[in-house]
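**Q** How does the following fold in three dimensions:
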Amino acid sequence: MTRAQEMLKMMKEKGVPPNARTYNILINGYGRDGQFARCFRILEEMEQLGIKPNEISYENCLYKNNKLPEAEIFLRDIGDRGIPPNAQIYNMLFVKRPRCLEMLMRNLSPNRVIYNTFIRCHAKYGDAQKAFTLHQEMVEKGIHNRMSYNSLIMGHCREGNVLQAIQHFFGMEARGIVPISVTYSILIEGHCRSNDFCGAYDWCKEMLAKGFVPSVSICNELITGLENEGKLQQAELLGHELSEKGSFGCIGSSDLSAVA
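**A** Next up is the predicted model:
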């Protein structure tokens, strides 16, 4: 790593500015050596130079680190910077160290940011039930918010438990938290993934009634699914309505007429 630092120094002297990739290589080297403090010094230097660390930067930090205090620092830092942990980081923290989450939650006195980070991780990469347990803690502490509900809904949809996801949607509304475009999109995708295109259609209609427009990819998946199930009238009506709302990339009624 001394050689790498010398190369970095030479780059600076020659006026060649290091970028995020340069620093990530350095962090990876120190991470492999288990030099966590060095990794964080490099992250601080990146910040001072206006170079934003990313999930790869943090993933490299954890390469050989097994210590709880460092994991605690890591999670606080990644939460403060608003960097969502990726699957590899989730693996390193919670799959390879199954007691890490439980110990961290005791030590951290978690705030909304940390809860949301953990809930999203479990919902996206792990276990919706663990996400739900953490969310219940948030509710008891009065710090639940839209992001935590969206993560829960996503987690249950990914596991094919759409009914549970819908219950969380209604629970969200009951607590005065207004669903947004992302919330509806998650539910529509969840129904499509479960091959319940009529259910997805109903949620899409409600989404449009609320003034939100789904993405082109969701539109096309839903319209194609309705068409494949023989629901051509619903597909055609939805295609017309989406076109009127400005979603011009969607399959239109003319395409469906040709198929019919």
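**Q** what pLDDT does Ile83 get?
**A** Looking at Ile83, its pLDDT reads 69.
**Q** for Ala260, that is, sorry about that
**A** In this model, Ala260 carries a pLDDT of 31.
**Q** How about Leu93?
**A** For Leu93, the model assigns a pLDDT of 65.
**Q** isn't Gly239 right next to Leu226, touching?
**A** No - Gly239 lies out of contact with Leu226 (CB atoms under 8 Å); the separation is 9.4 Å. (C-beta placed from N, C-alpha, C; glycine too.)
**Q** Could you tell me which ranges of the stretch 151-260 of the chain sit under the pLDDT cut-off?
**A** 247-260 (pLDDT under 70).
**Q** swap in the stretch 1-150 of the chain?
**A** For the stretch 1-150 of the chain, the ranges with pLDDT under 70 are 1-4, 62-110, 126.
**Q** Would you map the helices across it?
**A** Secondary structure of the stretch 1-150 of the chain (DSSP state H, counting those that start in this stretch): helices at 2-13, 20-32, 36-48, 55-61, 68-80, 87-90, 100-108, 112-125, 128-141, 146-158.
**Q** Out of those helices, which is closest to Ile177?
**A** Ile177 sits nearest to helix 146-158 of all those, at 5.2 Å, using CB to CB.
**Q** Give me the buried positions along the closest one.
**A** Residues 147-158 are the ones in helix 146-158 that count as buried (16 or more other CB atoms under 10 Å).
**Q** now do stretch 17-27
**A** Neighbour-count burial for stretch 17-27 [16+ other CB under 10 Å]: 18, 22-24, 26-27.
**Q** Output these in CSV, with distance to Ala131 appended to each entry.
**A** Below are the buried residues of stretch 17-27 laid out as CSV (distance: CB to CB, whole Å):
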residue, distance to Ala131
Pro18, 38
Thr22, 36
Tyr23, 32
Asn24, 29
Leu26, 34
Ile27, 29
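**Q** follow-up on the earlier one: just the closest of the buried residues of helix 146-158 to Met10, please.
**A** Met147 (44.1 Å).
**Q** pretty sure that closest one contacts Tyr115?
**A** No - between Met147 and Tyr115 there is no contact, the gap being 9.3 Å when judged by CB under 8 Å.
**Q** Met154 and Tyr125, how far apart?
**A** 11 Å (CB to CB, to the nearest Å).
**Q** With Glu55 instead?
**A** For Glu55 relative to Tyr125 (CB to CB), the value is 13 Å.
**Q** Please say which of the two ends up with more neighbours.
**A** Legend: neighbour count by other CB atoms under 10 Å for Glu55 and Tyr125, higher for Tyr125 (18 against 15).
**Q** Just want to check the distance between that one and Gln164.
**A** Distance from Tyr125 to Gln164, by CB to CB: 18 Å.
**Q** and if you look at Gly34?
**A** For Gly34 relative to Gln164 (CB to CB), the value is 41 Å.
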